[in-house]
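>>> let's see this in three dimensions:
(one chain, ligands or ions: 3)
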Amino acid sequence: MDTTLESSAAVLDTPKDADGSCPTDKKITVVFVLGGPGSGKGTQCANIVEHFGFTHLSTGDLLRAESKSGSPNGIMIRDMMNEGKIVPSEVTIKLLRKAMLESGNDKFLIDGFPRNEENRAAFENIMKIEPEFVLYFDCPVEELERRLLNRNQGRDDDNIGTIQKRFKVFIESTLPILEYYNSKGKLRKIDAGKPVDEVFEDVKAVLSPFAVEANTCRKSNVSMVLGLEY
Ligand SMILES: Nc1ncnc2c1ncn2[C@@H]1O[C@H](COP(=O)(O)OP(=O)(O)O)[C@@H](O)[C@H]1O
Ligand SMILES: Nc1ccn([C@@H]2O[C@H](COP(=O)(O)OP(=O)(O)O)[C@@H](O)[C@H]2O)c(=O)n1
Ligand SMILES: [Mg+2]
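Residues are numbered from 1 along each chain as shown. Ligands and ions are numbered 1, 2, ... in the order given. Just a heads-up that it's a prediction; the model follows:
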């Protein structure tokens, strides 16, 4: 079985054959969603899920759940998140892969990932999946800080001290990832400083190729494609 997956919306929504059947080969579509803390990744992903049928995987939410699960990695994850540090990729990718398997979907918004070169390379090597593109929410730092301090989600890392550390991590570790994908023509930059609805208008334009037509094939054998243990 071919475990090297290229993601291709064209193959994903292939028109039915003359006899009304669908091709059996399956591709997985991944869009990475990046931007500074508070840039609106989670907010816009919720809108995209409603309109385009993607499954939203918030890396931060998966890590927060794991940190509360009492698992051996839980304390390490909690402490690293409280410092705004990036958790080892094998931990994060294991959580992402499990969520992808459990979703039964084949279109994924992976929010807050890859946050550094280790994340990026590990995902490519372990999952053998290339992203369609990176959706990058660009927002001025003053606006990021204002939003985070007003987020009121009870997060331990939304305090001014940790926020500053997270900004530093974004600049030092994540900006180079954005440059990497830009050099491959895979960066889709959105002005995220605008009001939510205006930002989503721009998001819809970028995601329009993924609008699903009724007469196309939508089958998912994610468990077969991703089922190999690593
Ligand atoms: N375009 C926007 N304008 C103003 N506030 C926003 C906008 N997008 C998101 N927010 C708010 O900013 C905070 C951070 O948004 P969130 O989606 O959690 O960002 P991220 O996931 O990138 O950290 C939330 O309180 C959210 O309601
Ligand atoms: N790929 C990732 C994503 C998040 N994280 C950790 O999770 C924290 C919160 O991530 P998040 O995506 O929920 O944060 P926001 O950008 O939504 O504010 C980060 O500051 C990191 O400590 C990580 O270690 N690796
Ligand atoms: Mg978020």
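>>> distance check, Glu179 against Lys204.
Relative to Lys204, Glu179 is positioned 26 Å away (C-beta to C-beta, to the nearest Å). In this view, the C-beta of every residue, glycine as well, is placed from N, C-alpha and C.
>>> with neighbour numbers in mind, choose between these two.
A direct count of neighbours by other C-beta atoms under 10 Å for Glu179 and Lys204 places Lys204 higher, at 14 against 10.
>>> element containing that one, please.
helix 196-207 (DSSP states H and E).
>>> got it, and Met80?
Element membership for Met80, per DSSP H and E: helix 74-82.
>>> and the angle from the helix ranked longest in the chain to helix 74-82?
Ordering each helix of the chain by length in residues (DSSP state H) puts helix 89-103 first. Here helix 89-103 runs at an angle of 100 degrees relative to helix 74-82 (axes from the mean of the first three to the mean of the last three C-alpha atoms, to 10 degrees).
>>> tell me the buried residues in helix 89-103?
Buried residues in helix 89-103, counting neighbours by 16 or more other C-beta atoms under 10 Å, are found at 89, 91-93, 95-97, 99-100, 103.
>>> just stretch 123-140 next, same as before
Buried residues in stretch 123-140 (16+ other C-beta under 10 Å): 123, 127-137, 139.
>>> same question, stretch 61-75
62-64, 66-67, 73.
>>> A helix includes Leu109, no?
No: assignment of Leu109 by DSSP: H, G, I helix; E, B strand; the rest coil gives strand, placing it outside any helix.
>>> please identify the helix or strand for the residue of the chain found nearest ligand 3.
Going by C-beta to the ion, ligand 3 is nearest to Gly42 of the chain, at 3.7 Å. In this assignment (DSSP H and E), Gly42 forms part of helix 41-52.
>>> let's see the pLDDT reported for the spatially closest residue to Met81 that is not a sequence neighbour.
In space, and not counting its chain neighbours, Met81 is closest to Asp157: 5.6 Å by C-beta to C-beta, 6 or more residues apart in numbering. Looking at Asp157, its pLDDT is 95.
>>> thought Asp157 was touching Arg166?
Yes: Asp157 lies in contact with Arg166 (C-beta atoms under 8 Å); the separation is 6.8 Å.
>>> which neighbours do the two have in common?
Common contacts of Asp157 and Arg166 (C-beta atoms under 8 Å, 6 or more residues apart in numbering): Gly84.
>>> show me the contacts for the closest residue to Asp191 other than its chain neighbours.
Spatial nearest neighbour of Asp191, excluding adjacent residues (C-beta to C-beta, 6+ apart): Asp138 at 6.1 Å. If you count contacts by C-beta under 8 Å, 6+ apart, Asp138 has them with 35, 39, 189-193.
>>> show me which of the residues you listed are buried.
Applying 16+ other C-beta under 10 Å to those flags 35, 39, 190, 192-193 as buried.
>>> and which of those residues is nearest Glu172?
Distance to Glu172, by C-beta to C-beta, is smallest for Gly35 among these, at 15.5 Å.
>>> relative to ligand 1, how far out is the closest one?
5 Å (C-beta to the nearest ligand atom, to the nearest Å).
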